[in-house]
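Chemist: prediction below, plus the sequence it came from.
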Amino acid sequence: MASTAPAPGDVIRARLDAARDPLLLLARDLHAHPETAFAEHHAADALTRLLADAGFAVERGTAGLPTAFTATAGPADADLTVGLCLEYDALPDLGHACGHNLIAAAGAGAALALAAVAGDLGLRVKALGTPAEEGGGGKILMLDAGAFDDVSCAMMVHPGPSDDFGGTSRASRGVEAEYRGRAAHAAIAPHDGLNAADACVVAQTALALLRQQLPDGVRMHGIVTHGGDRTNIIPETARMSWQLRADTLGELETLWPRVRACFEAGALASGCELTLTEPSPAYADLRQDAWLGDTYARHVRALGRTPESAVAIGASTDMGNISHFLPAIHPTIGLSCRARPHTREFAGVTTGEHADRAVLDGALAMALTAADLAADAGQRARVTETHRARTGAADTPQRRSSAGSPRG
């Protein structure tokens, strides 16, 4: 009697079970060694070692970024390439208060599990190590460099208090303002100085007053990163960092002239010179693929979770830019907590029992979603035909718009 080959779902589960301990150790190791944007050397080393040991072909330094990488497995001539986005940067002072250690481990787990069925399903797996999501736009830089050109669809899961899927996010632009004045002795001759710190005060006051006229949903938040050196010296240089968020990049563009005028008011009132720069590319709003999102939700429900269909995610992500370029999902995997990201309390729950479950459930649901895509002739054709339509485009409108433009 002929033996029956195991179903792809069974192979995926078995491969993930075999990788359980290494994946959970990885998530805990990254949590214990938090690294900020573009400095994630320990994380990149650990992830590429895990994937290389599993037979993936690893490329380091993707897009000229030392802590970016790609790792591929499966038939090179496959028409369907599933991309798994692995984030691993932490926040200054707070560590993994956004749970990127779990994103990396879940993405790596999904990649390992999919590789076990890649040949049978005729798909190629590509894990993309994407640094600097918290500021720097690593995915956008990799997109612009062509790292996603061979990717048919992209997935990742992001930890949060509870499970959801399908929501959008806000577009975001960062701006840094530097004021240069003239130093003077603050007691003997303050009248000889031009106070750069005063310029910051005026600009922040103008921005605070502008908030009353902002459309619903627009957010502006910022900090002074340098306000002077000594109390007895009129500050010659002062700097601020601000972030602007709205539903779309177009709305931010419309808002920008009024925001710029607030910064210019500080320079005008204080007599200082102003330089405005953007430290990273602009983040577009997130547009999640409905079929992939619904399929993912079905699989996490089977794991005992109760994901809600989300409308909007208040934060911003560089996965938004990817979602304008190819079908993508960015669901939230719940940690059963009350704490919210970017707090010390949330950093505390991105390791432990609920975090472990999030890694394994997220990895399994993504891998099963990709397997369903590969097996569904209609959906596979939709994704691969969309991919073929953009293949060979050297400079697509989506890619051009992803990077934003410096402002003076």
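Modeler: The structure has been received and is ready for your questions.

Chemist: okay, CA-based contacts and neighbour counts for the rest of this
Modeler: Fine.

Chemist: how about the strands in the stretch 201-350 of the chain?
Modeler: All strands of the stretch 201-350 of the chain, identified by DSSP state E, counting those that start in this stretch, fall at 219-226, 237-246, 273-277, 308-309, 312-313, 328-329, 332-334.

Chemist: weakest of these in terms of mean pLDDT?
Modeler: Per-stretch mean pLDDT for the strands of the stretch 201-350 of the chain is lowest at strand 312-313 (a mean of 81).

Chemist: geometric centre of the chain: which residue is closest?
Modeler: Geometric centre of the chain, nearest residue: residue 133, 3.9 Å, by Cα atoms, centre = their mean.

Chemist: and the pLDDT at that residue?
Modeler: Reported pLDDT for residue 133: 98.

Chemist: likewise for residue 3?
Modeler: At residue 3, pLDDT is 63.

Chemist: rewinding a little: who are the contact partners of the residue nearest to the centre of the chain?
Modeler: Contact analysis of residue 133 by Cα atoms under 8 Å, 6 or more residues apart in numbering lists 37, 87, 89, 139, 317, 318.

Chemist: returning to what we had before: a markdown table for the strands of the stretch 201-350 of the chain, including distance to residue 56?
Modeler: Output for these, formatted as a markdown table (distance: least, Cα to Cα, whole Å):
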| stretch | distance to residue 56 |
| --- | --- |
| strand 219-226 | 42 |
| strand 237-246 | 38 |
| strand 273-277 | 39 |
| strand 308-309 | 34 |
| strand 312-313 | 33 |
| strand 328-329 | 22 |
| strand 332-334 | 26 |
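
Chemist: okay, the ones you listed in TSV with distance to residue 158 and mean neighbour count next?
Modeler: TSV is the format used below for the strands of the stretch 201-350 of the chain (distance: least, Cα to Cα, whole Å; neighbours: other Cα atoms under 10 Å):
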stretch	distance to residue 158	mean neighbour count
strand 219-226	22	15
strand 237-246	20	21
strand 273-277	30	18
strand 308-309	14	14
strand 312-313	11	16
strand 328-329	10	28
strand 332-334	5	25
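
Chemist: so which of these is nearest residue 195?
Modeler: Closest to residue 195 of the strands of the stretch 201-350 of the chain is strand 237-246 (Cα to Cα; 8.0 Å).

Chemist: so residue 355, which state does it fall into?
Modeler: Following DSSP: H, G, I helix; E, B strand; the rest coil, we place residue 355 in the helix state.

Chemist: can you tell me the closest non-neighbouring residue to it?
Modeler: Nearest non-adjacent residue to residue 355, counting by Cα to Cα, 6 or more residues apart in numbering: residue 335, 6.2 Å away.

Chemist: give me the neighbour count for that neighbour.
Modeler: By other Cα atoms under 10 Å, 23 other residues sit near residue 335.

Chemist: how does the protein divide into domains?
Modeler: Split into domains by automatic domain parsing, the chain comes to 8-169+285-402, 171-277.

Chemist: quick one: buried residues of stretch 60-72?
Modeler: Buried residues in stretch 60-72, counted by 16 or more other Cα atoms under 10 Å: 60, 62, 63, 65, 67, 68, 69, 70, 71, 72.

Chemist: what of stretch 327-347?
Modeler: Buried, per 16+ other Cα under 10 Å, within stretch 327-347: 327-335, 339-342, 344, 346-347.

Chemist: ok, which pair from these is furthest apart?
Modeler: The farthest-apart pair in the buried residues of stretch 327-347, when distances are taken by Cα to Cα, is 327 and 344, at 33.4 Å.

Chemist: picking up where we left off before, and the buried residues of stretch 60-72 as a markdown table, adding distance to residue 188?
Modeler: As requested, these are exported to a markdown table (distance: Cα to Cα, whole Å):
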| residue | distance to residue 188 |
| --- | --- |
| 60 | 57 |
| 62 | 55 |
| 63 | 53 |
| 65 | 49 |
| 67 | 50 |
| 68 | 53 |
| 69 | 56 |
| 70 | 60 |
| 71 | 63 |
| 72 | 66 |
